[in-house]
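Asks: The following comprises the amino acid sequence and a computationally predicted model.
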4 protein chains.
Amino acid sequence: MKKEYKIDETAACQFKNRAGYCVGTGRMGLALQKEYQEQLKLVQEHIGFKYIRGHGIFSDDMGIYQEYEDENGKIIPEYNFTYLDRVMDSYQEMKIKPFLELGFMPQKMAGGEQTVFYWRGNVTPPKSYKAWTDMVQAVLNHLIERYGRDEAVSWPIEVWNEPNLSIFWKDADMEEYFSLFRHTFRAVKEVDEQFQVGGPSICGVDDVNWLRQFLDYCSRNNLMPDFFTRHHYMWSEPVKEGRYSYGKLRDPQEAMEELKVSRTIIDSFRQYQNLPMYITEFNTSYSPDSPVHDSVQNASYVAWLLSRMGEVCDGYSYWTFGDVFEENGVPFSQFHGGFGLVANGAVPKPSFWVFAFFKNLQGRRVHLSDEAVVVQKEDGSYCGVAWNLSFGKQEPLDIELALPCKPGANFCFLQKLVDEEHGNPVKLWHDMGEPSNPSKEQLALLREGAAPWLLTKRLAEEEGYVTAALHLKQDAVVYFELRETEVCSDRGYHIISLNK
Amino acid sequence: MKKEYKIDETAACQFKNRAGYCVGTGRMGLALQKEYQEQLKLVQEHIGFKYIRGHGIFSDDMGIYQEYEDENGKIIPEYNFTYLDRVMDSYQEMKIKPFLELGFMPQKMAGGEQTVFYWRGNVTPPKSYKAWTDMVQAVLNHLIERYGRDEAVSWPIEVWNEPNLSIFWKDADMEEYFSLFRHTFRAVKEVDEQFQVGGPSICGVDDVNWLRQFLDYCSRNNLMPDFFTRHHYMWSEPVKEGRYSYGKLRDPQEAMEELKVSRTIIDSFRQYQNLPMYITEFNTSYSPDSPVHDSVQNASYVAWLLSRMGEVCDGYSYWTFGDVFEENGVPFSQFHGGFGLVANGAVPKPSFWVFAFFKNLQGRRVHLSDEAVVVQKEDGSYCGVAWNLSFGKQEPLDIELALPCKPGANFCFLQKLVDEEHGNPVKLWHDMGEPSNPSKEQLALLREGAAPWLLTKRLAEEEGYVTAALHLKQDAVVYFELRETEVCSDRGYHIISLNK
Amino acid sequence: MKKEYKIDETAACQFKNRAGYCVGTGRMGLALQKEYQEQLKLVQEHIGFKYIRGHGIFSDDMGIYQEYEDENGKIIPEYNFTYLDRVMDSYQEMKIKPFLELGFMPQKMAGGEQTVFYWRGNVTPPKSYKAWTDMVQAVLNHLIERYGRDEAVSWPIEVWNEPNLSIFWKDADMEEYFSLFRHTFRAVKEVDEQFQVGGPSICGVDDVNWLRQFLDYCSRNNLMPDFFTRHHYMWSEPVKEGRYSYGKLRDPQEAMEELKVSRTIIDSFRQYQNLPMYITEFNTSYSPDSPVHDSVQNASYVAWLLSRMGEVCDGYSYWTFGDVFEENGVPFSQFHGGFGLVANGAVPKPSFWVFAFFKNLQGRRVHLSDEAVVVQKEDGSYCGVAWNLSFGKQEPLDIELALPCKPGANFCFLQKLVDEEHGNPVKLWHDMGEPSNPSKEQLALLREGAAPWLLTKRLAEEEGYVTAALHLKQDAVVYFELRETEVCSDRGYHIISLNK
Amino acid sequence: MKKEYKIDETAACQFKNRAGYCVGTGRMGLALQKEYQEQLKLVQEHIGFKYIRGHGIFSDDMGIYQEYEDENGKIIPEYNFTYLDRVMDSYQEMKIKPFLELGFMPQKMAGGEQTVFYWRGNVTPPKSYKAWTDMVQAVLNHLIERYGRDEAVSWPIEVWNEPNLSIFWKDADMEEYFSLFRHTFRAVKEVDEQFQVGGPSICGVDDVNWLRQFLDYCSRNNLMPDFFTRHHYMWSEPVKEGRYSYGKLRDPQEAMEELKVSRTIIDSFRQYQNLPMYITEFNTSYSPDSPVHDSVQNASYVAWLLSRMGEVCDGYSYWTFGDVFEENGVPFSQFHGGFGLVANGAVPKPSFWVFAFFKNLQGRRVHLSDEAVVVQKEDGSYCGVAWNLSFGKQEPLDIELALPCKPGANFCFLQKLVDEEHGNPVKLWHDMGEPSNPSKEQLALLREGAAPWLLTKRLAEEEGYVTAALHLKQDAVVYFELRETEVCSDRGYHIISLNK
């Protein structure tokens, strides 16, 4: 397939790019792990997310909520911040802020026994909302004391996760969730009005109803949330084989309509109009055992999403940054369809680069199509991302982008390419025989093979345009930039090259 | 062009591979520089040479030879080991041993004023051979004390550099050089008989005469050198343009004949038969301002040399590991035709990978042609290097290598490719506009673009053979290996890939 | 108090120093944590233990034992080595080998529900010994495959932990433990006869009876363990206050008698005579909440132990190297009486240095008393450790050690001192106000204050002896060495100092 | 001796502390060395100077000024920025800015042959002032292009070094220097008016005359320098022994009078009143071979200077940060009386800590005496430095400082002590036998012994004051701080310590 576009600068607008806004993470207790920190380090070096959001701040492995019996036999609550501080310190060091999701329930405070995941997060309401809000306030006050008020209040707060599913909230009890929200919202604002608090953190099940009721409840109770949140997964017709999940990718355009519906519902409440809506989780499949996550298909699909999602929401958070994750138990193998942008051993997957590429697209958007987005930066250079989202079709895609420029201008045209044979470590790992836990040497090879192909060319203006030609094999994603430069050779230097 | 080879294992012999034996360096004083150490670190991590050889241990910037006047007005020599120790410590840390070249002359000890290079190495005989041998002995005794006798005596010693050129040795005075050799040889052996001492370190000018006379002199004076040394450059028809040197690459096979002549002369002296001959310098061009050094042409030419040179000598030393080098003054630009395997900013050039590739070829040689060499390792796997040495011809080369294997065997076939568009940072730099001193960000791009392309495939036995097909563009060099493995997928895992 | 010793070299013998043999660790799953690895790194850099031993290889957080239902509804066991490999890889990188303690029971394999510790290790026998031995063999075969046979079989194997306590083994059921031992022993030897296997890993409760019965059982069943193990704690009259445990240190000499009794019992079985006995755990208090562990008292007490314990056993393992430990839950505070040689934030405690000091004492023991041990190294230098074990008595100790030497010899006398005001970070932390989770800056101060005082002096021979005078405040521990050197000043250099 | 001070806060003023303003360095070419960069790294981590100033930007080893002959035989100048950029990049990375001293003369541009130092800086006027100013402008324009205009113009520019000495400026020719200044000043301002340019960089020889004439010349020529510079050394009665220089320390108060005279001269010119005066070099001895530099005497003397010098000038620059320095040739030995705050092997000397200590004294000065200076920080805490400047007198000094505080306040009183036995590596090195080039292990010991003693105490308010008692042995320097804190012990934790 061949596409040709001639760019008309006059149609440009600011690119609503939220690629660096937020990213998901396995439960907070996993942040103590060395492997987790190494994967996060890689992510922050190449992408640099502003926020990180995940479950489990109050789960027992974080050890925050404790009780003891005093001399009179009275149970006294106390709070242990050792692990919390260690995790938050590590985030500070990585220059990433928590997007605090308050949940799940400490065992000792829980009203029931129901748990979710291999790591048994308790998903029942508290025995006492007083105990819960005391704990929430103690934690927030501690964070203010340790990290400074200005810093702490810049951390958004979301109440619970997907209460519209009964696996995450006992009986998906809507009224109970609204109570939880009200108690929590007021407790947080009591600590400091500046904290931004939101919900209802729903996924796409009965979402229209939940969102309406939630807004209605807030409205009736004079609650003024600072933002609203929902999730966005792109998976259909799931099937299971052995340990792994397969399925189909939904039509991304169609799925976007659901987000627009949410936005419309919010805006239908006058007092909540224009308040931010955040997608606090999104991905292709919603299962941490879906081989699609490891693939270039995932990358090209995510590229499409990143080019559009900023139009319908104010931030989104890919679920998740890395493969240190235990919801279904400990993964058996190096690649296992985990959510991560990074595989174990700090091996970036194809989708990792999509975020790294989009993070650079800061400026005026001069082109947007189903294959590419291009921005012009303040310094006049162009940069863009193109993709060949195949849905299985084995056809290559050729794109020609004619970009306006000054007469006589010369350019360095740089591309970074990810496709089946570049930046695709899962293929390399497969060809090696799919070793469950690769040796140090094998991991080094996987990392070596995980880099995109960097290639450059000299281009010159013709008739007021410079034309970038991109060739993309199936599901390829390419980053490119055009920077105006002249070649200034040192006295007598000629490059020895095939092109000269 | 297409070549097909069916490998006959019965013709195999040990591959005489000396790729990791020794490498050249700019003058010893430069080893104090941070940039030098960073380039050497990269080289040792990826290649790991055993020895390092360069000029200038006694040049004034190393500060070794000093004098002072005592109370009676007598001049007393003293030795300063501060910089020597710092350099040798750094070599120990990098796990590389010095191949000690004794020269040039400290100014205060020199019989004349003639110097060589921008950095003014004095190339005249000493005022007193006693002063010279005292210094040599003091240095060796110090090295023994600091690094231990066993370690120090494992460092070969070569007397002076290219005395057959008058720029390196006043008047190219043969008799004077023989005196220098005799005094030095005896002084070293007096310190410890175990030291290996050799010469005459000549280049290819009047070399037949020099070598014969040298051997004759040794013979007449009952000197028993432990090895003999010469240099080997591949350059003809030099022309200069601006700051830079251009020329033609010689026919490598023809040039090899010169080495065989040297070997024959040595073996014509019964007592010196079979003593080692080392090529203590080799490269394509002999000028540190030859753009060819930065190119893939250089890489494919060096690949040819590494496949053959071990047959005619016992070790060779590429001149030089890095671009921290000042013989013609300080380079003006990032790429400047320097000798280095590594460019400034720790950017590996194409030839760097040739050494990294050959270093792996340890085992029985099952194939050698003008395009490839293949070895079989002890564990049964095959690895090889292939190249398309073009001499300017723009023809690609396809090679098919059929390698014997067990019935039903399956393989991971891995390639690392260097060509015009892979692992070729000088092209990237050119396309960027040839910035003299790239910024930090530009250097990071150059390093990113300097990596070979790593690609893999699954191959299966057919009729007793597994067949590796290699496609090489002009002057490409490719490393490959075939390792027998089965794919063992975890329960239910299927790779999501175009090939499935 | 003042002690003077004149050393008589003729009474010297090899110092049975096992300070570097083995160290304890919190449960294996904690080895995934970053903080754990940083503490272990510090320990290995300064001390360098050969082995590391701890609980929990089969506990559920390691994820090894898994089951699934096949299409016929049959339960199939499978093994997940992801975390095991990650931990073992980290140990390899740290150059420490596991001393494998096989336990506790995977929940799915367990015959009962009883657990121990905050982290709920299941302490019941398996539902099926076949399932247990299958798992043990699968793990060992996997380790052999990944790390090589020679390496894997050098890892000792101990069966379970303290089965003589009912908290660690249901009902402290002796016969059941013996069954476990027999099944396990035979299963391991079936994998490879070279594996060294031992038990019964008992603590000092009913230990005489348990050890006799165990040996008797082995004897009757023709089991030939490769070594025997027990534990050794020094605590009495325990009292609890708030979260913390206090008590009294036992007379160390008296406690040693218990070890001798164990040795005697072993040697009373002819076939087990002279087989190694290892103390696989020892410390002062047996509680991970005993402030004594953080103190200089602990250091001086441990110094006494390290000077003697090698006489009655073949190896010992301080419980534990670091404070990443969760048996009583997550610690609330920086210092919390944890077992560790290293506190959180990689802050070495006083006892850390005792091991670092003793590790150096390799050579012939020329002195041993209740205050000091001195060895002479192969190079003739002396080194030793002295301590002032106070049991609360506030008296300083002066020791003079006269050591034989050559006439005219001069020495550098070097000391490294740990006492209340040197190398004692808990005091510094207390004076800072005991911050629960110190900031980055406070941790840097704690590490700065954790270093011993390094001081030197010149000493000269007098009447055939060189005399080292040591001054130790209460519970001080000092390392010292005397190395024969002359002062060789550079021409004209005089140190500007108070002593000149 | 005992001193008691009761602090009267009402007398407080801002402490004119310029400890972190600027530091000296060996010639710019040495900045290429690894050892130099490691020493600078240590300095920046612990002290963090804003500027760095040294000689030799135009000396030949930097390679900046080059010439070539064009086809018509005309000599064309060209500039090589390879090394300049490498050095400036390294300064940027270390977060230190150059205080550019323009000198010495490139050999090819020089009007004469006279050189200074082992490294032969040419100290003659240029053959052509046009060539000189062309070069200066080319360099400045290049720096602006590479580092940005805002950054580059923040680098002060000083014209030449000590032209009042004939060793640094041929014949100390005053008129010629004034010409140089005038040409240079105008050339710099032509590039950018924002550059701050000053002189005359004189030392204390005929300084009154030179300064007056310089100001008079500027005045007559309508030159408006942005600042004035001079040097300040404290040495008298120099004597030489072997390679080393000894002498006497001048009365520091008396020496300060010279600075006041300079200030007065400047202020006597109305248009130059209140312009900054910088001491672009100061130290005790002016020779890089004076053992005093390595000693605690130097530290206590420098402490005195740092407490006062800010009153008479606007910035000062200790000569130099490290011992990588070649003015007298390559040092023969580890300690050699070099100017450096840091000795080779990255070993901090006592004076290093004085700068680290003073850098912290930011706030209102509440006490200044000949033994101590104390400031109160914005957060209310006190910090100070005290010293016992002995001039050889062996008397200890006890200081009691009573500092006003709130009733009932409790404090952590922290000290960092440097004296003969703490933070004094030269003593340790001496006791080791003064090894010329210590081994890796010996260097590790020297660094270990180079740390100050960190000690803490709890103090409580009494009668409105908290009283810090300091005990200083001869030439000791101590940093201290008093920070109000309460001890908040965790439930039940008691420190096990001698004091409890």
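Replies: Sure, I can see it. What you are looking at is a predicted structure, and each value in this text was computed from that prediction instead of being measured.
Asks: does A:S154 sit in a helix, a strand or a coil?
Replies: coil (DSSP: H, G, I helix; E, B strand; the rest coil).
Asks: tell me the mean pLDDT for stretch A:477-488?
Replies: For stretch A:477-488, mean pLDDT rounds to 97.
Asks: just checking, A:I75 touches A:E69?
Replies: Yes. Assessed by CB atoms under 8 Å, A:I75 is found in contact with A:E69 at 5.9 Å. Every residue, glycine included, has its C-beta placed from N, CA and C.
Asks: Wait, A:H367 touches A:Y382, no?
Replies: No. A:H367 sits out of contact with A:Y382 when judged by CB under 8 Å, with a separation of 9.1 Å.
Asks: Mutual contacts of these two, please.
Replies: A:V374 (CB atoms under 8 Å, 6 or more residues apart in numbering or on different chains).
Asks: Do you have the strands of the stretch 301-450 of chain A handy? List them.
Replies: Along the stretch 301-450 of chain A, the segments classed as strands by DSSP state E, counting those that start in this stretch run A:315-318, A:342-343, A:347-348, A:364-368, A:372-376, A:382-387, A:397-404, A:410-418.
Asks: Give me the pLDDT value at A:L498.
Replies: Value for A:L498, per-residue pLDDT: 57.
Asks: Show the model's pLDDT score for the closest residue to A:E311 other than its chain neighbours.
Replies: Nearest residue to A:E311, sequence neighbours excluded (CB to CB, 6 or more residues apart in numbering or on different chains): A:K16, at 5.7 Å. Per-residue pLDDT puts A:K16 at 96.
Asks: I'd say A:K16 and A:R308 touch.
Replies: No. Judged on CB under 8 Å, A:K16 makes no contact with A:R308 at a distance of 9.0 Å.
Asks: sorry, back to before: where does the residue nearest to A:E311 sit: helix, strand or coil?
Replies: Under three-state DSSP, A:K16 comes out as coil.
Asks: Pull out the buried residues from the strand or helix carrying A:M256.
Replies: Element membership for A:M256 (DSSP states H and E) is helix A:252-267. When neighbours are counted by 16 or more other CB atoms under 10 Å in any protein chain shown, the buried residues of helix A:252-267 are found to be A:252, A:255-256, A:258-259, A:262-263, A:265-266.
Asks: all helices in the stretch 101-250 of chain A, in order from the N-terminus.
Replies: A:129-147, A:149-152, A:174-191, A:207-220 (DSSP state H, counting those that start in this stretch).
Asks: Restrict the helix holding A:M256 to CA atoms and write it as CSV.
Replies: The C-alpha trace of helix A:252-267 is given here as CSV (Å, rounded to 0.1, in the frame of the first residue of the first chain):
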residue,chain,number,x,y,z
PRO,A,252,-9.7,1.2,17.9
GLN,A,253,-11.8,3.9,16.4
GLU,A,254,-15.0,2.2,17.6
ALA,A,255,-13.6,1.7,21.1
MET,A,256,-12.8,5.4,21.3
GLU,A,257,-16.5,6.1,21.1
GLU,A,258,-16.9,4.7,24.5
LEU,A,259,-14.5,7.2,25.9
LYS,A,260,-16.5,10.0,24.2
VAL,A,261,-19.6,8.7,25.8
SER,A,262,-18.0,8.9,29.2
ARG,A,263,-16.9,12.5,28.5
THR,A,264,-20.4,13.4,27.4
ILE,A,265,-21.9,12.0,30.6
ILE,A,266,-19.5,14.0,32.7
ASP,A,267,-20.1,17.2,30.7
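Asks: other SSEs contacting the following helix or strand past it?
Replies: Sequence-wise, the next helix or strand downstream of helix A:252-267 (DSSP H and E) is strand A:277-283. Contact here means 3 or more CB pairs under 8 Å, 6 or more residues apart in numbering or on different chains; DSSP states H and E; on that basis strand A:277-283 packs against strand A:22-25, strand A:227-233, helix A:252-267, strand A:315-318.
Asks: Sounds good, over and out.
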